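# 3D model of this:
(one chain, ligands or ions: 1)
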Amino acid sequence: MSKKLWGGRFQKGTDKVVEDFHSSISFDQRLYKQDIRGSMAHARMLGQQGIIAETDARAIIAGLEGILIDIEAGRIEFDVAAEDIHMNIEKILTERIGDIGKKLHTARSRNDQVALDIRLYLRDEIAETHALLADLIATLLDTAEANLDTIMPGYTHLQKAQPITLAHHLLAYVQMFDRDRDRLADCARRLNRSPLGSGALAGTTFPLDRLAVAKELGFDGITENSLDGVSDRDFAIEFCAAASLTMMHLSRFCEEIILWSSQEFAFIELDDAYSTGSSMMPQKKNPDVAELIRGKTGRVYGDLMALLTVMKSLPLAYNKDMQEDKESLFDAVDTVKGCLTVFTPMIATMRVRRETMKNGARGGFTNATDVADYLAKKGVSFREAHEIVGKMVLLCVQKGVALDDLAFDDFRACSDAFGEDIYEAIQVERCVADRKVPGGPAPEAVKEAIAQARRRLKEQ
Ligand code: ARG
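I've put the predicted structure just below:
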């Protein structure tokens, strides 16, 4: 059994079962870069403050540089007995540079060290997720621009409701993903404080320059309470919550892609490169990518629940339970990034069947509201107009025709407010074009929405 870095007060080695059980190196080795970066900043500051000799600080930093290169080159094998990434690196450092390596951990605990590493890690991952969302939004805006006039039925209760355009529908998702970006930026802003100097829980007696370390590591400041500095995982939970919302948005979108690519809708056709076949049924072309993203949403919700539950009821400050934060967080990061990476090109390459969409908008009395609006504009109260048109729809259902198919006499029989211009007023194109209200589906309103979304994309 190997000698532990913390082995001084022990008379016996750790049981092998315990060693395997509580080791986190299998998954926290992912944090090696952040760990080394943090250690370098810490060592430099220790030297500058005269807490250790400047020459020692330099030797430590050089040693860490070498370890970083070797890890990246795959030349290092981590040791389960050294528990986690923090102690593995410290152990290798000491093997390489001798006793000087043992000075690195002065005025530091793994508790503030791990809190630092996760913050550094998540800060980068948030930036990447943010950029992936920007790519998706840009793709949606391009597709929307090409479909400003692509009329389709809008639904409520998955029943045809009113005509809209594909551009307008896509712009709804732009809003969602834009809020997701905002949430991520907000999470990054809150997490961007250095916990180093919190020590195990009660700070340290050494004259650290916390701000210098924070500055070197690109933080906006330092955490303000040493207990909170080591025991806060809010940022990881916030990320998982934001990621859950993104997954929820993706999942709703995927559900629509799945519906739209079904033979019953046939609104779109996915590119062959983003669909898969069946091992038995030769004719099949399935929207597996969309289904898988829909399915993976559950994982990210699970990650969020896992983190919330791990943190629930933990007394201050650090508790080993918190080691369980990493796998959930990593999984949420990997899943949301992976889904965004495949979703965007799937949308960019899908073929829109404009005619089917438009025909869909013609059925189902999607212009019934417009008939009622027509009457209301001629002075009939809306409630009364609603009643009149409801009766007209019933008549049409019985005759098996659309509102546009009714003879003018039929219109007049229902209300003498109808003029010949009713036919023109209830063309689906007209119904869409007249909805110019800001945020509405009229091509000119959507054009403005696209311009605004593009401006936002540039700003952030
Ligand atoms: N591997 C630990 C974690 O991920 C590092 C902190 C350990 N601290 C301790 N006092 N056991 O949480």
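# once you drop chain neighbours, what's closest to Val371?
Val389 (4.8 Å; Cβ to Cβ, 6 or more residues apart in numbering). From N, CA and C alone the C-beta is placed, and that goes for glycine too.
# the one you found: what's it in contact with?
Contact analysis of Val389 by Cβ atoms under 8 Å, 6 or more residues apart in numbering lists 368, 371-372, 375, 414.
# which positions in the chain make contact with the ligand?
24, 28, 84, 110-111, 114, 318, 320, 322-323 (Cβ under 6 Å from any ligand atom).
# give me the buried subset of those.
Applying 16 or more other Cβ atoms under 10 Å to the residues of the chain next to the ligand, the neighbour count classes 24, 28, 84, 110-111, 114, 318, 322-323 as buried.
# tell me, how many residues neighbour Thr204?
As a burial measure, Thr204 scores 18 neighbours (other Cβ atoms under 10 Å).
# show the contacting residues for it.
107-108, 197 are the contacts of Thr204 under Cβ under 8 Å, 6+ apart.
# out of these, who's nearest the ligand?
Arg108 (11.4 Å; Cβ to the nearest ligand atom).
# which residue is the nearest non-sequential neighbour of the closest one?
Using Cβ to Cβ, 6+ apart, the closest residue to Arg108 is His42 (5.9 Å).
# quick one: mean pLDDT for the strand or helix carrying that neighbour?
Remark: His42 resides in helix 32-48, with elements defined by DSSP states H and E. Per-region confidence: helix 32-48 scores 98 on mean pLDDT.
# for the host helix or strand of Phe330, buried residues please.
Under the criterion of DSSP H and E, Phe330 resides in helix 325-349. By neighbour count with 16+ other Cβ under 10 Å, helix 325-349 contains the buried residues 325-333, 335-336, 339-340, 343-348.
# please apply the same query to stretch 385-394.
Buried-residue list, stretch 385-394, by 16+ other Cβ under 10 Å: 385-386, 388-389, 392.
# likewise stretch 224-235?
Result for stretch 224-235 [16+ other Cβ under 10 Å]: buried residues 226, 228-233, 235.
# what's the answer for stretch 414-427, then?
Buried, per 16+ other Cβ under 10 Å, within stretch 414-427: 414-415, 417-418, 422, 425-426.
# looking at this structure, name the residue that lies furthest from the middle.
Here the centre of the chain is the reference, and by Cα atoms, centre = their mean the most remote residue is Asp409, at 55.7 Å.
# mind showing which ranges of the stretch 201-350 of the chain have poor pLDDT?
Along the stretch 201-350 of the chain, no part satisfies pLDDT under 70.
# sec struct for Ile61, please.
helix (DSSP: H, G, I helix; E, B strand; the rest coil).
# please apply the same query to Lys160.
strand.
# OK, contacts around the closest residue to it other than its chain neighbours?
With Cβ to Cβ, 6+ apart as the criterion, Lys160 has its nearest non-adjacent residue at 3.1 Å, and that residue is Gly364. Contact partners of Gly364, counting by Cβ under 8 Å, 6+ apart, are 153, 159-160.
# let me know the closest of the residues you listed to Ser244.
Ser244 lies nearest to Gln159 out of the contacts of Gly364, by Cβ to Cβ, at 28.7 Å.
# where does the residue nearest to that closest one when sequence neighbours are not counted land in three-state SS?
Distances taken as Cβ to Cβ, 6+ apart place Gly364 nearest to Gln159, at 7.3 Å, with adjacent residues excluded. Secondary structure state of Gly364, per three-state DSSP, is coil.
# let me know whether Leu136 touches Leu340 as I believe.
Yes - taking Cβ atoms under 8 Å as the definition, Leu136 is a contact partner of Leu340 at 6.0 Å.
# now, the buried ones among the residues of the chain next to the ligand that are in strands?
Within those, no residue falls in strands by DSSP state E.
# now those as CSV including distance to Leu191?
Below are these laid out as CSV (distance: Cβ to Cβ, whole Å):
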residue, distance to Leu191
Ser24, 21
Asp28, 18
Asp84, 21
Arg110, 19
Asn111, 17
Val114, 14
Tyr318, 17
Met322, 15
Gln323, 19
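# report the two of the residues you listed separated the most.
It's Asp28 and Tyr318 that sit farthest apart of these, by Cβ to Cβ, at 14.8 Å.
# surely Thr202 touches Gly229?
Quick fix: residue 202 reads Ala, not Thr. No - here Ala202 does not reach Gly229: they are 10.5 Å apart, not a contact under Cβ under 8 Å.
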